[in-house]
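K.L.:
can't give you the sequence, but here's the structure:
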């Protein structure tokens, strides 16, 4: 028996958030919350401390760079997976290297890659001997 990983999903596209959350539920992931900008991502992370953050990079107002920076300040060990539709230019690649997200996945994302990421966070439950 395994624990159920927790996650938050943040993307400025509401349909993407909805579909991604449904996919995570199919993978037996507890979606703690979802948001639509980087500020909400930071707030959700601080509130829930999920096992995995799925974060869009390009969003208006507070973008994924803002969120990644704030989340990593709150918890340098946070597991943040960047989901982005854009190919990153040299400057953005260097920014991400410094901020050290766990992984960068290009949209449209491969469902098998997401499933593997989730499986990495499944840990056997400890049996209590009594």
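P.N.:
Yep, that arrived. Keep in mind that what you see is a predicted model, and the values were worked out from it rather than measured. Residues are numbered from 1 along each chain as shown.

K.L.:
To what extent is residue 42 buried, counted in neighbours?
P.N.:
Neighbours of residue 42 under the rule other C-beta atoms under 10 Å: 22. (C-beta placed from N, C-alpha, C; glycine too.)

K.L.:
Check which helix or strand it maps to.
P.N.:
Element membership of residue 42, judged by DSSP states H and E, is helix 38-48.

K.L.:
Name the residues of that helix that are buried.
P.N.:
For helix 38-48, the neighbour count (16 or more other C-beta atoms under 10 Å) marks 38-45, 48 as buried.

K.L.:
Could I get the average pLDDT for that helix?
P.N.:
Taken as a whole, helix 38-48 carries a mean pLDDT of 98.

K.L.:
what distance separates it from the middle of the whole chain?
P.N.:
Distance, stretch centre to chain centre, for helix 38-48: 11 Å (C-alpha atoms, centre = their mean, to the nearest Å).

K.L.:
Now do it: which elements does it pack against?
P.N.:
On a contact count with 3 or more C-beta pairs under 8 Å, 6 or more residues apart in numbering; DSSP states H and E, helix 38-48 meets strand 6-10, strand 30-35, strand 52-56, helix 64-74.

K.L.:
Adding distance to residue 92, write the buried residues of helix 38-48 out as a markdown table.
P.N.:
Listed next are the buried residues of helix 38-48 as a markdown table, based on distance: C-beta to C-beta, whole Å:
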| residue | distance to residue 92 |
| --- | --- |
| 38 | 14 |
| 39 | 20 |
| 40 | 21 |
| 41 | 17 |
| 42 | 19 |
| 43 | 24 |
| 44 | 23 |
| 45 | 21 |
| 48 | 27 |
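
K.L.:
Which one of the residues you listed is nearest to residue 28?
P.N.:
residue 48 (17.3 Å; C-beta to C-beta).

K.L.:
tally of neighbours for the closest residue to that closest one other than its chain neighbours?
P.N.:
Leaving aside its sequence neighbours, residue 48 sits nearest to residue 32 (C-beta to C-beta, 6 or more residues apart in numbering; 4.0 Å). Neighbours of residue 32 under the rule other C-beta under 10 Å: 17.
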